[in-house]
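Pasting the sequence and the predicted model now:
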Amino acid sequence: MVLDSLRKKGDYEKALDVLKRVTLAVETLCVGKGDVRSRLESAVGDLIPLREQDFPDRLAPRFRQIIEQSTKYDATDRLKFGLPADALTPGHKWYEGRLHPTMRRIRRSTGSKIAQEIWWLYSELQRIAGKHRSNLAGDGFSDRPRAAKSGSA
(Lines give C-alpha, C1' and ligand atoms only; values in the text may rest on other atoms or scores of the structure.)
Protein backbone atom coordinates (compact mmCIF):
# COMPACT_ATOMS: atom_id res chain seq x y z
CA MET A 1 0.00 0.00 0.00
CA VAL A 2 2.78 2.45 0.90
CA LEU A 3 4.68 1.62 -2.28
CA ASP A 4 1.50 2.22 -4.29
CA SER A 5 1.14 5.62 -2.70
CA LEU A 6 4.75 6.53 -3.47
CA ARG A 7 4.33 5.44 -7.08
CA LYS A 8 1.24 7.64 -7.49
CA LYS A 9 3.15 10.58 -6.07
CA GLY A 10 5.87 9.89 -8.63
CA ASP A 11 3.28 9.79 -11.40
CA TYR A 12 1.84 13.07 -10.17
CA GLU A 13 5.25 14.74 -10.12
CA LYS A 14 6.05 13.39 -13.57
CA ALA A 15 2.68 14.54 -14.89
CA LEU A 16 3.29 18.06 -13.60
CA ASP A 17 6.80 18.12 -15.07
CA VAL A 18 5.66 17.33 -18.63
CA LEU A 19 2.23 18.96 -18.56
CA LYS A 20 3.49 22.40 -19.59
CA ARG A 21 5.10 21.14 -22.81
CA VAL A 22 2.17 18.87 -23.64
CA THR A 23 -0.20 21.79 -23.05
CA LEU A 24 1.85 23.90 -25.48
CA ALA A 25 1.57 21.12 -28.05
CA VAL A 26 -2.21 20.94 -27.64
CA GLU A 27 -2.50 24.72 -27.89
CA THR A 28 -0.50 24.65 -31.13
CA LEU A 29 -2.75 21.95 -32.53
CA CYS A 30 -5.88 23.90 -31.63
CA VAL A 31 -4.99 27.47 -32.55
CA GLY A 32 -1.81 27.27 -34.62
CA LYS A 33 -1.66 28.33 -38.24
CA GLY A 34 -1.69 25.98 -41.20
CA ASP A 35 -3.09 22.56 -41.93
CA VAL A 36 -2.96 19.66 -39.49
CA ARG A 37 0.50 18.58 -40.64
CA SER A 38 2.15 21.97 -40.12
CA ARG A 39 0.46 22.44 -36.73
CA LEU A 40 1.42 18.89 -35.81
CA GLU A 41 5.05 19.53 -36.77
CA SER A 42 5.15 22.49 -34.38
CA ALA A 43 3.32 20.57 -31.67
CA VAL A 44 5.65 17.57 -31.86
CA GLY A 45 8.56 20.00 -31.86
CA ASP A 46 7.37 21.04 -28.39
CA LEU A 47 7.39 17.38 -27.29
CA ILE A 48 10.71 16.23 -28.77
CA PRO A 49 12.88 17.47 -25.86
CA LEU A 50 10.92 15.19 -23.51
CA ARG A 51 11.96 11.60 -22.86
CA GLU A 52 9.94 8.49 -22.10
CA GLN A 53 11.18 8.40 -18.50
CA ASP A 54 9.80 11.92 -17.99
CA PHE A 55 6.24 10.52 -18.20
CA PRO A 56 4.27 8.41 -15.74
CA ASP A 57 5.04 4.76 -16.48
CA ARG A 58 1.73 3.91 -18.12
CA LEU A 59 1.87 6.95 -20.45
CA ALA A 60 5.48 6.52 -21.60
CA PRO A 61 4.68 3.98 -24.36
CA ARG A 62 2.03 6.30 -25.85
CA PHE A 63 4.51 9.19 -25.83
CA ARG A 64 7.08 7.02 -27.59
CA GLN A 65 4.47 6.01 -30.17
CA ILE A 66 3.67 9.67 -30.91
CA ILE A 67 7.33 10.48 -31.43
CA GLU A 68 7.98 7.39 -33.54
CA GLN A 69 4.97 8.05 -35.80
CA SER A 70 6.02 11.69 -36.19
CA THR A 71 9.64 10.92 -37.09
CA LYS A 72 9.43 7.64 -38.96
CA TYR A 73 10.83 8.61 -42.37
CA ASP A 74 14.42 9.00 -43.56
CA ALA A 75 15.86 6.41 -41.17
CA THR A 76 18.46 5.42 -43.79
CA ASP A 77 19.97 8.92 -43.55
CA ARG A 78 21.24 7.98 -40.09
CA LEU A 79 23.71 5.59 -41.68
CA LYS A 80 24.67 8.03 -44.45
CA PHE A 81 25.61 10.72 -41.95
CA GLY A 82 27.25 8.32 -39.50
CA LEU A 83 24.93 9.20 -36.63
CA PRO A 84 25.09 7.11 -33.46
CA ALA A 85 22.62 4.27 -32.91
CA ASP A 86 20.95 6.17 -30.04
CA ALA A 87 20.08 8.96 -32.49
CA LEU A 88 16.72 7.25 -33.01
CA THR A 89 15.56 7.65 -29.42
CA PRO A 90 13.22 10.37 -28.14
CA GLY A 91 15.04 13.37 -26.76
CA HIS A 92 17.88 13.15 -29.29
CA LYS A 93 18.46 16.03 -31.74
CA TRP A 94 18.24 13.62 -34.68
CA TYR A 95 14.47 13.45 -34.21
CA GLU A 96 14.22 17.12 -35.07
CA GLY A 97 15.78 16.41 -38.47
CA ARG A 98 13.30 13.59 -39.11
CA LEU A 99 10.19 15.52 -38.09
CA HIS A 100 9.86 17.80 -41.11
CA PRO A 101 10.34 15.10 -43.79
CA THR A 102 7.84 12.86 -41.98
CA MET A 103 5.23 15.60 -41.76
CA ARG A 104 5.64 16.24 -45.50
CA ARG A 105 5.03 12.57 -46.29
CA ILE A 106 2.16 11.57 -44.01
CA ARG A 107 -1.48 11.86 -44.98
CA ARG A 108 -3.74 14.34 -43.22
CA SER A 109 -5.65 11.39 -41.74
CA THR A 110 -2.42 10.05 -40.21
CA GLY A 111 -1.65 13.52 -38.87
CA SER A 112 -5.11 13.65 -37.32
CA LYS A 113 -4.53 10.31 -35.59
CA ILE A 114 -1.24 11.55 -34.12
CA ALA A 115 -3.00 14.74 -32.99
CA GLN A 116 -5.66 12.61 -31.28
CA GLU A 117 -2.89 10.72 -29.45
CA ILE A 118 -1.42 14.00 -28.22
CA TRP A 119 -4.89 15.03 -26.99
CA TRP A 120 -5.28 11.68 -25.19
CA LEU A 121 -1.86 12.12 -23.57
CA TYR A 122 -2.80 15.63 -22.44
CA SER A 123 -6.14 14.43 -21.04
CA GLU A 124 -4.49 11.64 -19.07
CA LEU A 125 -1.87 13.99 -17.64
CA GLN A 126 -4.63 16.38 -16.58
CA ARG A 127 -6.54 13.49 -15.00
CA ILE A 128 -3.48 12.35 -13.02
CA ALA A 129 -2.71 15.88 -11.84
CA GLY A 130 -6.36 16.60 -11.01
CA LYS A 131 -6.87 13.32 -9.17
CA HIS A 132 -3.90 14.06 -6.94
CA ARG A 133 -5.12 17.61 -6.26
CA SER A 134 -8.52 16.19 -5.26
CA ASN A 135 -6.88 13.73 -2.88
CA LEU A 136 -4.91 16.54 -1.26
CA ALA A 137 -8.06 18.60 -0.81
CA GLY A 138 -9.70 15.81 1.14
CA ASP A 139 -13.23 15.57 -0.20
CA GLY A 140 -12.37 16.48 -3.78
CA PHE A 141 -14.89 19.31 -3.80
CA SER A 142 -13.06 22.02 -1.90
CA ASP A 143 -12.45 24.12 -5.04
CA ARG A 144 -16.17 24.31 -5.75
CA PRO A 145 -18.23 27.10 -4.25
CA ARG A 146 -20.49 25.92 -1.49
CA ALA A 147 -24.21 26.36 -1.94
CA ALA A 148 -25.77 28.67 0.57
CA LYS A 149 -27.76 26.77 3.11
CA SER A 150 -31.36 27.68 3.27
CA GLY A 151 -31.93 27.82 6.90
CA SER A 152 -35.02 27.71 8.90
CA ALA A 153 -34.27 29.62 12.00
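Okay, I see it. Numbering: from 1, shown residues only.

hang on, Leu29 packs against Ala115?
Yes - Leu29 is within contact range of Ala115, at 5.2 Å (criterion: C-beta atoms under 8 Å). Every residue, glycine included, has its C-beta placed from N, CA and C.

who touches both of these two?
Val36, Arg39, Leu40, Ala43 (C-beta atoms under 8 Å, 6 or more residues apart in numbering).

quick one: pLDDT of Pro101?
Per-residue pLDDT puts Pro101 at 86.

cool, Val44 as well?
Val44 is assigned 95 on the pLDDT scale.

Need the three-state assignment for it.
Three-state call for Val44 (DSSP: H, G, I helix; E, B strand; the rest coil): helix.

mind listing what it touches?
With C-beta under 8 Å, 6+ apart, Val44 has these contacts: Ala25, Ile66, Ile67, Ser70, Thr71, Leu99, Met103, Ile114, Ile118.

Any chance of those in JSON lines with distance to Lys14 and secondary structure as columns?
As requested, those are exported to JSON lines (distance: C-beta to C-beta, whole Å; DSSP: H, G, I helix; E, B strand; the rest coil):
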{"residue": "Ala25", "distance to Lys14": "16", "secondary structure": "helix"}
{"residue": "Ile66", "distance to Lys14": "16", "secondary structure": "helix"}
{"residue": "Ile67", "distance to Lys14": "17", "secondary structure": "helix"}
{"residue": "Ser70", "distance to Lys14": "21", "secondary structure": "helix"}
{"residue": "Thr71", "distance to Lys14": "22", "secondary structure": "coil"}
{"residue": "Leu99", "distance to Lys14": "24", "secondary structure": "helix"}
{"residue": "Met103", "distance to Lys14": "27", "secondary structure": "helix"}
{"residue": "Ile114", "distance to Lys14": "22", "secondary structure": "helix"}
{"residue": "Ile118", "distance to Lys14": "17", "secondary structure": "helix"}
